[in-house]
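Engineer: Got a sequence here, can you build the structure:
(one chain, ligands or ions: 1)
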Amino acid sequence: MQTLDAIKGRTSIRAFLPTPIPQETIAQLLDAARWAPSGSNRQNWRVTVATGAPLQRLVERMDERVRRHQPDMSNAAKEKPEVRQGLQTLRAGLTELAEAQGKSLWEFIVRGSYRFFDAPVMLAVSHRGQNAANVATFVTTMLLAAHDMGLGTIWLGYPLGASDLIVEELGIPEDEKVRAIVALGYPDPGSPAATFRSSRDEVETCTRWVGFEE
Ligand SMILES: Cc1cc2nc3c(=O)[nH]c(=O)nc-3n(C[C@H](O)[C@H](O)[C@H](O)COP(=O)(O)O)c2cc1C
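Structural biologist: Predicted coordinates:
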């Protein structure tokens, strides 16, 4: 796959097949992700990969937590108007997907995120030391590599609200901070939640050209 095709073709997957992913395949994915750039080449990301019974146990505890605390998704009002617009467009699309499954938006997105969308594999990406930005380069590279390999992913922020459970269940060392969760699996081809495409602003919306008309 060409790099630009991978960049433009990757989408977040919110419906996975239960098919397990072989450890070698995940190792191959991480072998690609480790080539991400990092400040001073620190490579200070750490990845905890969970599947099977330990993941199931974590999902049960996450689900219990999300149902008890009901974290809300009403942060749109606090955002600047231009951000709010992007959020509202996304929300409209996701609401349609939720309704098609007979779920509320909260149940589909927040509860679904806490359950890692029932993917057969979840990765918790943590970092050591100061530079958390390196986690973003690592995760982005991993999402693109996964897409190239025919695997589906979604980067999840909501479950960080229960990172204490993630740390405890997966035995993540105390000197690491979990910054990103990624659900990984084969996309469910029969579900619209695996083919949903979000929109993007035009280049001019986010670009300031300097010195090009001299
Ligand atoms: C830092 C970050 C956190 C995210 N957290 C969630 C989440 O908790 N739940 C969710 O459904 N999607 C989450 N997403 C996915 C975004 O909604 C998605 O990337 C965005 O709408 C663009 O869609 P696309 O990835 O399909 O291109 C997150 C993405 C990022 C980068």
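Engineer: okay but residue 18 is in contact with residue 120, surely?
Structural biologist: Yes. Counting by C-beta atoms under 8 Å, residue 18 does reach residue 120; the two are 5.9 Å apart. Yep, even glycine has a C-beta here, placed from its N, CA and C like the rest.
Engineer: Those two: which has the busier surroundings?
Structural biologist: Neighbours per residue, other C-beta atoms under 10 Å: of residue 18 and residue 120, the larger number sits with residue 120, 19 against 10.
Engineer: With adjacent residues omitted, what lies nearest to that one?
Structural biologist: residue 185 (4.7 Å; C-beta to C-beta, 6 or more residues apart in numbering).
Engineer: And for residue 181?
Structural biologist: residue 156 (4.2 Å).
Engineer: joint contacts of residue 18 and residue 120?
Structural biologist: residue 185 (C-beta atoms under 8 Å, 6 or more residues apart in numbering).
Engineer: Does at least one residue of the strand ranked longest in the chain sit close to the ligand?
Structural biologist: Determined from DSSP state E, the single longest strand within the chain is strand 177-185. No. Using C-beta under 6 Å from any ligand atom, we find that strand 177-185 stays clear of the ligand, coming within 6.6 Å at best.
Engineer: so how far is that strand off the chain centroid?
Structural biologist: 6 Å (C-alpha atoms, centre = their mean, to the nearest Å).
Engineer: for stretch 117-130, same thing?
Structural biologist: Worked out by C-alpha atoms, centre = their mean, stretch 117-130 lies 9 Å from the chain centre.
Engineer: Tell me which residues of it come out buried.
Structural biologist: 117, 118, 119, 120, 121, 122, 123, 124, 125, 126, 127 (16 or more other C-beta atoms under 10 Å).
Engineer: Same question for stretch 23-37.
Structural biologist: Neighbour-count burial for stretch 23-37 [16+ other C-beta under 10 Å]: 25, 26, 29, 30, 33, 36.
Engineer: For the fifth one, grab phi and psi.
Structural biologist: Here the main-chain torsion angles of residue 33 (degrees, to the nearest 10) amount to phi -60, psi -30.
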